[in-house]
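Q: Generate coordinates for the sequence data below:
(one chain, ligands or ions: 1)
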Amino acid sequence: MKTDIKSLTLDEIVGLMEQWEQPRFRGAQIYAWIHAGCRSFSEMTNLPASLRGRLEEECALTCPSILRRQVSQKDGTVKYLWELGDGNTVESVVMKYRYGHSICLSTQVGCRMGCRFCASTLGGLVRCLEPSEMLDQILFAQKDLGIRISNVVLMGIGEPLDNFDSVLRFLRLANSPEGLNIGMRHISLSTCGLVEKVDKLAEYNLQLTLSVSLHAPDDDTRDLIMPVNRKYGVDEVLRACARYFEKTGRRISYEYAMIRGVNDTDRHARMLAEKLKGTGAHVNLIRLNYVEERGLEPSTPRQIERFTRILTDSGITVTVRRRLGSDIDASCGQLRRKTESN
Ligand code: SAH
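A: Predicted coordinates:
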């Protein structure tokens, strides 16, 4: 088994160089090449040929290929379908905002959480991504588009906290000043609310934004759409969020996909308002993206407005997510799904 060198930190690569009796500065050179999106060791032209040869022999440099690339005609959102070294595929989406470019990236091939409205989970979990494979989505999207990505959201395929160690290592790599240098405050991690892992993440006291996919204020409703709720109920998740806020000082952002007649009634809004009042929480309403296989419908714009008003009247800040890339299946495993079933 070759060492997956892109998953190593700068210190670890320096350590490897020491082990190989190379000068320490070689470690920094290699790290810089890797994080500039270098595709092969032979491109690392400031290293001696003998060292390049040894790297070739003992290390692997991951390099996904672009299987499909779709550009939204409406807003320039770009969606990638990557083919990984073992032939598996994952997606990322690059969106342009006023403040810069943001990437939504995948953390697993498939997902085992089983949310009823989500396309990513239809075929279950295939495997977790390595830190290198998460980094690659940024490195090669940047290269392809000739831009710098300033913001990262872990909201693509997969449940990040179900791949905890690799995701944490990825965050460290993306955040490293010698690498992409993406500030923790420019990173959001979205989870369906794995309570023990939320507590574990709090211990690291990272300044990232934790987004929690709540989607319902009560167990009866949440049980229907998110099987994970049978393990961690709404109130248990909310208590974990309160502990997270206490420990890190970072407010939680709750995601709420509006599904017609399922979780979008005035009663749901009032219940949600009651539970979140005074917690400093932010609610991000997302009009459900219709997934063919799922048979659930998005809420009407009018109901989304009513829902928003009930929340804001209780002092809760609400944003309704803009629907970027709606013409290119730019949500939640839809592209991978289409390609696989073709
Ligand atoms: N597993 C993580 C992150 C990936 S999903 C999580 O559950 O948070 C990113 C967000 O998209 C989650 O809030 C998820 O619930 C939501 N989502 C999934 N399918 C959707 C759909 N069809 N319409 C709208 N939002 C959806």
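Q: And the helix or strand hosting Q29, how far out from the chain middle?
A: Following DSSP states H and E, one finds Q29 within helix 25-35. Centroid displacement of helix 25-35 relative to its chain, using CA atoms, centre = their mean, to the nearest Å, is 26 Å.
Q: right, and the helix or strand after that helix?
A: Past helix 25-35, the next helix or strand by DSSP H and E is helix 49-58.
Q: so what does that next one touch, helix or strand wise?
A: In this structure, helix 49-58 makes packing contacts with no helix or strand, judged by 3 or more CB pairs under 8 Å, 6 or more residues apart in numbering; DSSP states H and E. In this view, the C-beta of every residue, glycine as well, is placed from N, C-alpha and C.
Q: Now the element after it, going C-ward?
A: strand 59-60.
Q: so what strands line up beside that next one?
A: strand 3-4 (parallel) (DSSP bridges).
Q: Just the buried positions in whichever helix or strand comes after the strand it pairs with, please.
A: With elements assigned by DSSP H and E, the helix or strand that comes after strand 3-4 is helix 10-19. Neighbour-count burial for helix 10-19, counted by 16 or more other CB atoms under 10 Å, picks out L10, I13, V14, L16, M17.
Q: residues touching S102, list them.
A: V94, M95, K96, I149, S150, N151, V152, V153 (CB atoms under 8 Å, 6 or more residues apart in numbering).
Q: in a strand, that's where the second one is, yeah?
A: Same thing as M95. Yes: M95: assigned to a strand according to DSSP: H, G, I helix; E, B strand; the rest coil.
Q: hey, where'd the helices end up in this protein?
A: Taking DSSP state H, the helices of the chain run over residues 10-19, 25-35, 49-58, 131-145, 164-175, 195-204, 219-225, 234-248, 266-276, 301-313, 334-341.
Q: closest one to M1 among the ones you listed?
A: helix 49-58 (9.9 Å; CB to CB).
Q: How far does the closest one sit from its chain's centre?
A: 33 Å.
Q: May I see the buried residues of it?
A: By neighbour count on 16+ other CB under 10 Å, the buried set for helix 49-58 is L51, R52, L55.
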